[in-house]
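Q: 3D model of this:
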Amino acid sequence: MKRQMQTFRGQSEIAVEGHNVKIGRGGIREIEFFAQTQQLIAGGRHPQLRVRPTLEALGVLASSDWITFQARDELAAAYLFLRRVEHRLQMVADEQTHTLPNEVESVERFARFFGYVSRAAFAHDLLRHLNIVQGHYGKLFRRRSDRYREIARCRLQRRSGGRAPARTPRAIRLQEAGHGGANAAALAGRRPTACSGWSRRGTPLSNSFRR
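A: Residues are numbered from 1 along each chain as shown. This next block holds a predicted model:
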C-alpha cells in the first residue's frame, strides 16, 4: 500500500528536487513504520516495546536486542535531520508542507537557509540519510517476508503430525501470505519443534533480522 501511494504521488525514487521528506522513499514515514511494525509483531509478548515516540521506540528496540544499536543510531539521526528539514520547509512556505522545491535554484536557496554553504552539501547529507533509511526499511520487510513463510510451513507441518503438509489450496494461501503478523507475533520467542533444523528452545524472531 505504501509503495502504491509513493508511486501515485511520484515518490517511487529517492531524489532531492521535489522529494517529499515525510512519505517519500527513505522518509519520516519509513522510520516510523520500521519501529511500529516490530512493535506490532512483538509488543504483545514484550510490554516494554509499547512506547509511542519514534525515537524512544528505536531505543527500546535496540536495548531489547530487536535491532542493532547501529540501526538505532542511523535511523535516529535520519529522523532528527528529516524533521529539521520538514520544519524549515514549513517556515519557508508558511504552510503544512513536506516537499522540497522542484527547481534547483529554489533548493539552493533552501539549503543556505538551512545552514549549508550550497545545494550540493545539503544534497549529500539528505541523500545519505534517505538511502540509509530506505536500506533498513527494505531489509526489514524482505527478511520478515521470508521468515513468515518459514513459520507458516512449520506450523502446517506441526499440525500434520510432523509430516510434510498436503498442498491444499488453503495451505498454499497461508504459505504465500506469510501467515499474517498476528500469528507471527504469537510465535515470537519460540520455534515449532516439528521442523527439522529448528532449535528446541528457539530465539526471538528478530534475531534473524539483526544479521
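Q: any low-confidence regions in the chain?
A: 1-12, 143-211 (pLDDT under 70).
Q: domain-wise, how is it divided?
A: Listed domain ranges for the chain are 2-143, 145-210 (source: automatic domain parsing).
Q: how about the helices in the protein?
A: 2-8, 28-42, 54-63, 69-93, 104-113, 119-159, 169-177, 181-187, 206-210 (DSSP state H).
Q: what about the nearest residue in space to residue 84 that is not next to it in sequence, distance to residue 21?
A: Nearest residue to residue 84, sequence neighbours excluded (CB to CB, 6 or more residues apart in numbering): residue 114, at 7.6 Å. Every residue, glycine included, has its C-beta placed from N, CA and C. To residue 21, residue 114 is 12 Å away according to CB to CB, to the nearest Å.
Q: neighbour count for the two, which is higher?
A: residue 21 (23 against 19; other CB atoms under 10 Å).
Q: does that one touch residue 30 like I think?
A: No. Using CB atoms under 8 Å, residue 21 makes no contact with residue 30, being 10.7 Å away.
Q: just to check, the residue nearest to residue 84 is in contact with residue 88?
A: Yes. Counting by CB under 8 Å, residue 114 does reach residue 88; the two are 5.3 Å apart.
Q: residue 87 and residue 66: what is the separation?
A: Taking CB to CB, one finds residue 87 at 29 Å from residue 66.
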